[in-house]
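# sequence and predicted structure are below.
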Amino acid sequence: MSSKKIALITGVTGQDGSYLAEFLLEKGYEVHGIKRRASSFNTQRVDHIYEDVHVENANFKLHYGDLTDSSNLIRIMREVEPDEVYNLGAQSHVAVSFEAPEYTADVDAMGTLRLLEAIRFLGLEKKTKFYQASTSELYGEVQEIPQKETTPFHPRSPYAVAKMYAYWIAVNYRESYGIYACNGILFNHESPRRGETFVTRKITRGIANIAQGAESCLYLGNMDALRDWGHAKDYVRMQWMMLQQEKPEDFVIATGKQISVREFVKMSAQEAGIEITFSGEGVDEIGTVSKITGDDAPGVTVGDVIVKVDPRYFRPAEVETLLGDPTKAKEKLGWVPEITVEEMCAEMVKHDLDKAKQHALLKKHGFDVALAKE
Ligand code: NDP
Ligand code: GDR
């Protein structure tokens, strides 16, 4: 019998899942992840830690599965008998949840229930600890600034409402059956592995492509939205820390600082050597190149309009401001974020500039690869 701790991660192919898998492997865990069947490979974020299934005693194993499929989850849970389950799998895009509310509820709310029921059904209540990926979106229409563990919830999207069910069912299974279940109420966290349609990555990728001449304009929705942005690497460390306590508790994970979408655009552009001046209001607001510094932006000229507002990215109900108070995490767990939003932005822009330069090089040599767009 191996003495290694065993972790099961749903959503292992996502941003957080990939960083968490790396983190747990470094800690000596045997890591199992659930991946969805797709018509093309969807494991890019974990390919670098993939271990050949033919190698004996591999520490990283992937299982086909889906949070909408109870029998599949029970089977995986029975096979793996994990010490720790990290439920990161979700339809995680707030805007998409307005388009697909029923599916979002099935995956994000019912999926959580299915996993907790699998633990109960297999009699793993005393063995298996459960981490639930809760979210600052629960606060929605904020009732208090900054938001902490005791701030009342007011969700503003089908995503947030589904996550509210997941939050409370985790609390309920802790209270009813003694399962070690915790909610990490995580504020926005980003990285070069962030999905391309979330706003920070859309911005760093868009700016990089514009700088390199592969695109001409970045279209955004609400640029006044304020978010408390941290780095995913800092946040997955905290997910693990939460499961190493004596008693299960819920924690807010945030940086305690917020900036607007517009400020994130300016910061990203500066990293690419472009200064942007914003003018106009509402749907008429535009961002114009006012200065070029450095050599990373051969694709733009002073006076170019490179940012515009497109109302299609407005949401039926918006969350205007989120700012977290991570005091409890600091005092009880000694957790503090190590990467600032400026450092994170610089890392994301550099990553996306490298990709844009590769694309430009391919194009120069006659290989024109299409860029995926939202
Ligand atoms: P991503 O969108 O990057 O990853 C989501 C993961 O869930 C992917 O692996 C995806 O698979 C998987 N998934 C989607 N639908 C299903 C399904 N039906 N069954 C099984 N797996 C599924 O999200 P993040 O990594 O950014 O976030 C991780 C979790 O944390 C999510 O639950 C999110 O809601 C929550 N969260 C995220 C925050 C953030 O700022 N990043 C903040 C607060 C909470 P595939 O790769 O095939 O699409
Ligand atoms: P969010 O992240 O909804 O906070 O959910 P997102 O990056 O999608 O939006 C942040 C803010 O930016 C505004 N915005 C735009 N957003 C997108 N995606 N595209 C745009 O063009 C655009 N223009 C402006 C949005 O309106 C919003 O106010 C993320 C997800 O990771 C959730 O899973 C997680 O729970 C929360 O963070 C915390």
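Structure's in. What do you need? Numbers count the residues shown, from 1 in each chain. Ligands and ions are numbered 1, 2, ... in the order given.
# over to Y86: give its phi and psi.
Y86 adopts backbone torsions of phi -110, psi 110, taken as degrees, to the nearest 10.
# close to ligand 2: what parts of the protein are there?
92, 94-95, 135-137, 187-188, 197-199, 202, 220-222, 225, 227, 261, 313, 315, 318-319 (CB under 6 Å from any ligand atom). To be clear about C-beta, it is placed using only N, CA and C from the backbone, and glycine gets the same treatment.
# residues near the residue of the chain found nearest ligand 1, how many?
Among all residues of the chain, G14 sits closest to ligand 1, at 2.1 Å; criterion: CB to the nearest ligand atom. The tally of other residues near G14 (other CB atoms under 10 Å) stands at 24.
# nearest spatial neighbour of it, chain-adjacent residues omitted?
L88 (6.2 Å; CB to CB, 6 or more residues apart in numbering).
# kindly report the same for V302.
V289 (5.4 Å).
# next secondary structure element downstream of the one helix or strand that neighbour maps to?
Element membership for V289 (DSSP states H and E) is strand 286-292. Downstream of strand 286-292, the next assigned helix or strand under DSSP H and E is strand 305-309.
# from the contact counts, what lies against the very next helix or strand once past that following strand?
Going down the chain from strand 305-309, the next helix or strand is helix 327-333, by DSSP H and E. Under the contact definition 3 or more CB pairs under 8 Å, 6 or more residues apart in numbering; DSSP states H and E, helix 327-333 sits against helix 232-242, strand 251-253.
# point out the most buried one among these.
strand 251-253 (a mean of 26; mean count of other CB atoms under 10 Å).
# parallel or antiparallel, list what pairs with that one.
Partner strands and pairing direction for strand 251-253 (DSSP bridges) are strand 181-186 (parallel).
# look up phi and psi at the residue of the chain closest to ligand 1.
Given degrees, to the nearest 10, the pair of backbone angles that G14 has is phi -90, psi -180.
# need the residues of the stretch 151-300 of the chain near ligand 1, please.
Checking the stretch 151-300 of the chain against ligand 1 by CB under 6 Å from any ligand atom, the hits are 186, 188-189, 195.
# coming back round to it: so what's the residue nearest to V302 bridging to?
Assigned bridge partners for V289, using DSSP bridges, are I276.
# for it, give its distance to A297.
As judged by CB to CB, to the nearest Å, V289 and A297 stand 8 Å apart.
# show me where the stretch 1-150 of the chain has its strands.
Ranges of strands in the stretch 1-150 of the chain, per DSSP state E, counting those that start in this stretch, are 6-10, 30-35, 60-64, 84-87, 129-135.
# what does the stretch 151-300 of the chain give?
Remark: strands assigned in the stretch 151-300 of the chain by DSSP E, counting those that start in this stretch are 181-186, 189-190, 218-220, 226-227, 230-231, 251-253, 259-260, 274-279, 286-292.
# so which of those strands gets nearest E175?
Among the strands of the stretch 151-300 of the chain, strand 181-186 comes nearest to E175, with 9.2 Å by CB to CB.
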